[in-house]
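K.L.:
kindly return the folded structure for what I paste below:
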Amino acid sequence: MLFKLFFIFFKLGFFSFGGGYTMIPLIEQELQNNGIQITAEILSSVVAIAGICPGPVGVNLAIGFGYSLAGILGVLFAALGVTLPSLIVVVLVVAIFDKIYHSQNFKAALAGLKPAVVGITLYAAIKFGIKNNIIFVSGENIVKSNWNFEFLKYFFNVPSILIIVLSYVILKRTKVHPIALVLVGGVAGTIIF
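P.N.:
This next block holds a predicted model:
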């Protein structure tokens, strides 16, 4: 299990562009492809904890899944697996940066990577919303709240949607730090839910 975790996160470390949240669907798929099943509860808990803890989200995800699947040694193997590719790539890029920075092919590759990362991040956000009963929820799985409504046979968790929209608007229009929004969201959750 330990070496399997190392190689899963080593592979993800090489092919996860755009930050830790883009890794979520890749982690889920890689774990399943390697015969490792995780529950929706573990997935959402690890993602939530990784997002509120200091440090890179990708490393935090590796640590969370490593611990959930194999304890302290799982943490070490998964964290080493996810960070080693960055070390290798950064050292190589720094060594040849001046040569490739002005290359039209390099700029074109970056131009293609950016929208792909946005798409992967959007996919991860929507899937996370569905798995956590925020959007597109069936009646028996809806988070308990009196503010829910049915729309086109799907339920939307109105308090959660309001928190999402308010967080977006506050980030867009103010200089409030995202950590403050995470903390306020947690407090709001304890009050509303």
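K.L.:
identify each buried residue in stretch 79-99, please.
P.N.:
Across stretch 79-99, burial judged by 16 or more other Cβ atoms under 10 Å covers 79-83, 85. Using the backbone N, CA and C atoms, a C-beta is placed for each residue, glycine as well.
K.L.:
which two in the residues you listed are spaced the farthest apart?
P.N.:
Greatest spatial distance among these (Cβ to Cβ): A79 and P85, at 12.2 Å.
K.L.:
now the helices for the chain?
P.N.:
Under the criterion DSSP state H, the chain carries helices at the ranges 2-15, 23-33, 40-52, 57-100, 104-131, 158-173, 178-192.
K.L.:
mind putting those helices into a markdown table with mean pLDDT?
P.N.:
Putting the helices of the chain into a markdown table (pLDDT from 0 to 100) gives the following:
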| stretch | mean pLDDT |
| --- | --- |
| helix 2-15 | 91 |
| helix 23-33 | 86 |
| helix 40-52 | 86 |
| helix 57-100 | 91 |
| helix 104-131 | 79 |
| helix 158-173 | 83 |
| helix 178-192 | 79 |
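K.L.:
for the most centrally placed residue in the chain, give its distance to K107.
P.N.:
Compute the mean C-alpha point of the chain, and by Cα atoms, centre = their mean the closest residue is Y21, 2.5 Å away. To K107, Y21 is 25 Å away according to Cβ to Cβ, to the nearest Å.
K.L.:
what of L61?
P.N.:
Counting by Cβ to Cβ, the gap from L61 to K107 is 30 Å.
K.L.:
also F7?
P.N.:
32 Å.
K.L.:
same deal with M23?
P.N.:
Taken as Cβ to Cβ, the spacing of M23 relative to K107 amounts to 25 Å.
K.L.:
and these two? Which one has more around it.
P.N.:
Remark: of M23 and K107, M23 carries more neighbours, 27 against 12, as counted by other Cβ atoms under 10 Å.
K.L.:
dump the residue contacts of that one.
P.N.:
Going by Cβ atoms under 8 Å, 6 or more residues apart in numbering, M23 touches 12, 16, 57-58, 61.
K.L.:
closest to G185 out of those residues?
P.N.:
Distance to G185, by Cβ to Cβ, is smallest for V57 among these, at 16.1 Å.
K.L.:
what is the burial count for the closest one?
P.N.:
For V57, the neighbour count with other Cβ under 10 Å is 18.
K.L.:
cool, and V182?
P.N.:
As a burial measure, V182 scores 14 neighbours (other Cβ under 10 Å).
K.L.:
now it. Nearest residue, chain neighbours left out?
P.N.:
I52 (5.2 Å; Cβ to Cβ, 6 or more residues apart in numbering).
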